[in-house]
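**Q** Sharing a model that was predicted from the sequence below.
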Amino acid sequence: MSSTRTIRRAKAGTTEPAWVKWSLIAVALGFIFLFLVLPLAAVFTEALRKGGEEFLLALKEPDAWSAIRLTLLIAAIAVPMNLVFGIAAAWCIAKYEFKGKAFLTTLVDLPFSVSPVVAGLIYVLMFGAHGWFGPWLQANDIKIVFAVPGIVLATIFVTFPFIARELIPLMQAQGTDEEQAAQVLGASGWQTFWHVTLPNIKWGLIYGVILCNARAMGEFGAVSVVSGHIRGQTNTMPLHVEILYNEYQSVAAFAIASLLALLALVTLVIKSFVEWKFERDQKAAADLPPEKPLA
Amino acid sequence: MTAAVLQAPAEKRAPKRVLPGFRLTLGYTLFYLALIVLLPLSALIFKTFTLTGEQFWAAVASPRVVASYQLTFGASFFAALVNSVFGLLVAWVLVRYQFPGKRIVDALVDLPFALPTAVAGISLTALLAGNGWIGSLLEPHGIQLAFNRNGVVIALIFIGLPFVVRTVQPVLEDAEKELEEAATCLGATRWQTFRHVIFPTIAPALLTGFAMAFARGVGEYGSVIFIAGNMPMISEITPLIIISKLEQYDYAGATAVATVMLLASFVMLMVINSLQAWQRKRAGA
């Protein structure tokens, strides 16, 4: 009798009264609505304020097109570069023990804590007219800063850790047993990677790639410093949004911005899907019947 | 340093070295890291050392620059504080309660990570300006949120929002309900249980989230410049100072201020690292 009462009391003690619960939910949702839903809705409303025709017209503009093409090109170079690095870094950090490992991991994360503006500036100091390699580059007629290579470098810098930091904890958690088994069975290094490691890390890999891609396409501060803002040549989509906005072409600015917002939404959908898949795989693995003990 | 790193594994026992590719992957990692991150960052440090002490001091301690530090660090601190309170609330609601649309809200929390900062900047400005949805409601009452310091704080709240939620959420999920039950059986009220049992468990994660949101806010540029109004001495952030010095070809000045920012980010990185170590120790204990 008294024990059932204790249990009921314990149950009541781990939940809140309904009015507290629903007030907390209301406040949290209100905050989300104000800070996330409204800004997102505003992008699309502002883009369509003067109707669909104006919207399409803004997207058909040649400068807008070249900004879209440049953004796609930048992401197509920066993301694969960081993908290869991410896999290499995760392999050596997660699968081996060596001195200075913690320090190396911190260095990999370093670009996240550097301001994007500083990230742009360091490339100007290296490759700009007054920079370390400036005179040599000028003599050989190579342009890095205020040209596409500079934008690529700055983008690689700001998206540097994305894929590595998704893969490192994942590969650490998986350990090296399966890879060692493959080695013992005679697989080569590449075979081991393709057939054992890669299937194990595929969801983490996709996760890292889409986040890296979203940031690469949307980067503003770092790219703004190295781009030089030459319309039709070194203008990425976010930079084009800024130019149009400062020229009071609000509808055109929000039209380009709405494409970037769509990219963000697609990123979130894929991310949720990957998380769901990953959880399901984990659960399926956990639900496997335990192996029979030796009789 | 590099040599020490490369030689270390040779001393390890043989079974550890069964997997191939250590030299290749570590070599490539160090090469790429040096090329993309370390070399350019050292260019900044070297450039700073070419300045005289006076030049450096004049650039980093002029009244306009000092005002920008106060704004950048102050607004980041305040925004991170707001995010700690609401981020904890959102994490709590997402972990502990069921309600319609929960999955969508959970996915939406990451929007500030995925939405380009320039887009966030212009859309927040459109909302809060005098003719915007929110601005038009508040302006008649004399409340101005855009084109001043309020705007800076609001943009930084948006940017830092996911950090606290995403650091606290997993810790809350792993928290043992049995402890709460025990507290209640021992006569604690729900508030006492939260204050003395739940809160100490999530405190390290909350602090980590706060520090991450703060660090992100200090470096943020894209979302802030549209909404800040950028008035010198009043609403001009430090990254913008670097950009305007660059546009005036004042490379020395830009470098000096950037070095101060870089040192600040090193300090914050170390703080975040030790907070995370503390959190792991707490979780393991």
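**A** Structure's in. What do you need?
**Q** Let me know the pLDDT of residue 89.
**A** All of this refers to chain A. Listed pLDDT for residue A:89 reads 96.
**Q** hm, I was asking about chain B
**A** At residue B:89, the model reports a pLDDT of 97.
**Q** same thing with residue A:162?
**A** 95.
**Q** Skip the chain neighbours and tell me the closest residue to it.
**A** Leaving aside its chain neighbours, residue A:162 sits nearest to residue A:212 (3.8 Å; criterion: Cβ to Cβ, 6 or more residues apart in numbering or on different chains). For glycine as for every other residue, the C-beta is placed from the backbone atoms N, C-alpha and C.
**Q** Now residue A:234, what are its backbone angles?
**A** Per-residue torsions, residue A:234: phi -120, psi 30 (degrees, to the nearest 10).
**Q** Which residues are in contact with residue A:252?
**A** A:58, A:61, A:64, A:244 (Cβ atoms under 8 Å, 6 or more residues apart in numbering or on different chains).
**Q** Let me fix that, I meant to ask about residue B:171.
**A** B:201, B:202, B:204, B:205, B:279, B:283 are the contacts of residue B:171 under Cβ under 8 Å, 6+ apart.
**Q** so where does the most centrally placed residue in chain B fall, helix or strand?
**A** Centrality entry for chain B: nearest residue to the mean C-alpha point is residue B:216, 2.7 Å, by Cα atoms, centre = their mean. If you go by DSSP states H and E, residue B:216 is part of helix B:199-219.
**Q** which strands and helices sit next to the helix or strand just after that helix?
**A** Sequence order places helix B:222-228 as the next helix or strand after helix B:199-219, per DSSP H and E. The contact analysis (3 or more Cβ pairs under 8 Å, 6 or more residues apart in numbering or on different chains; DSSP states H and E) places helix B:222-228 against helix A:237-246, helix B:117-128, helix B:149-174, helix B:238-247.
**Q** quick one: average pLDDT of the next helix-or-strand element following the last one?
**A** Tracing the chain past helix B:238-247, the next element assigned as helix or strand by DSSP H and E is helix B:251-284. Averaged across helix B:251-284, pLDDT comes to 89.
**Q** mind listing what's buried in stretch B:21-31?
**A** B:21, B:22, B:25, B:26, B:28, B:29, B:30 (16 or more other Cβ atoms under 10 Å in any protein chain shown).
**Q** Distance to residue B:268 for those - can I get that in TSV?
**A** Shown next, in TSV, are these (distance: Cβ to Cβ, whole Å):
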residue	distance to residue B:268
B:21	34
B:22	32
B:25	29
B:26	28
B:28	29
B:29	24
B:30	25
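**Q** ok, of those residues, which one's closest to residue A:128?
**A** Closest to residue A:128 out of these is residue B:30 (26.2 Å), distances taken as Cβ to Cβ.
**Q** hey, where'd the helices end up in the stretch 51-200 of chain A?
**A** A:51-60, A:62-95, A:101-113, A:116-127, A:134-139, A:148-158, A:162-174, A:177-184, A:189-192, A:198-218 (DSSP state H, counting those that start in this stretch).
**Q** quick one: buried residues of the last one?
**A** Buried positions in helix A:198-218, judged by neighbour count with 16+ other Cβ under 10 Å: A:200-201, A:203-218.
**Q** Pull the number of nearby residues for the closest residue to residue A:206 other than its chain neighbours.
**A** Nearest residue to residue A:206, sequence neighbours excluded (Cβ to Cβ, 6+ apart): residue A:274, at 5.4 Å. Residue neighbour count, defined by other Cβ atoms under 10 Å in any protein chain shown, stands at 19 for residue A:274.
**Q** Tell me the spacing between residue A:274 and residue A:215.
**A** Per Cβ to Cβ, to the nearest Å, residue A:274 is found 16 Å from residue A:215.
**Q** Could you point out the longest helix of chain A?
**A** helix A:250-287 (DSSP state H).
**Q** before we move on, back to that, the helices of the stretch 51-200 of chain A: which one's closest to residue B:272?
**A** helix A:101-113 (7.6 Å).
**Q** Can I get the contacts of residue B:171 in JSON lines including neighbour count?
**A** Shown next, in JSON lines, are the contacts of residue B:171 (neighbours: other Cβ atoms under 10 Å in any protein chain shown):
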{"residue": "B:201", "neighbour count": "18"}
{"residue": "B:202", "neighbour count": "22"}
{"residue": "B:204", "neighbour count": "21"}
{"residue": "B:205", "neighbour count": "25"}
{"residue": "B:279", "neighbour count": "19"}
{"residue": "B:283", "neighbour count": "13"}
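**Q** List the contacts of residue 159.
**A** This is for chain A. A:78, A:79, A:82, A:212, A:215, A:216, A:219.
**Q** look at chain B instead
**A** Contacts of residue B:159 by Cβ under 8 Å, 6+ apart are B:79, B:112, B:117, B:120, B:213, B:216, B:217, B:220, B:223.
**Q** Out of those residues, the closest to chain A would be?
**A** Comparing the contacts of residue B:159 against chain A with Cβ to the nearest Cβ picks out residue B:117 as the nearest, at 5.1 Å.
**Q** thinking again about what came up before, for chain B, see how far away the residue nearest to residue A:162 is.
**A** Residue A:212 sits 11 Å away from chain B, going by Cβ to the nearest Cβ, to the nearest Å.
**Q** thinking again about what came up before, need the helices and strands packed on helix B:222-228 in JSON lines with distance to residue A:145, can you?
**A** As requested, those are exported to JSON lines (distance: least, Cβ to Cβ, whole Å):
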{"stretch": "helix A:237-246", "distance to residue A:145": "15"}
{"stretch": "helix B:117-128", "distance to residue A:145": "21"}
{"stretch": "helix B:149-174", "distance to residue A:145": "27"}
{"stretch": "helix B:238-247", "distance to residue A:145": "11"}
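**Q** any idea which of the ones you listed is most buried?
**A** helix B:117-128 (a mean of 28; mean count of other Cβ atoms under 10 Å in any protein chain shown).
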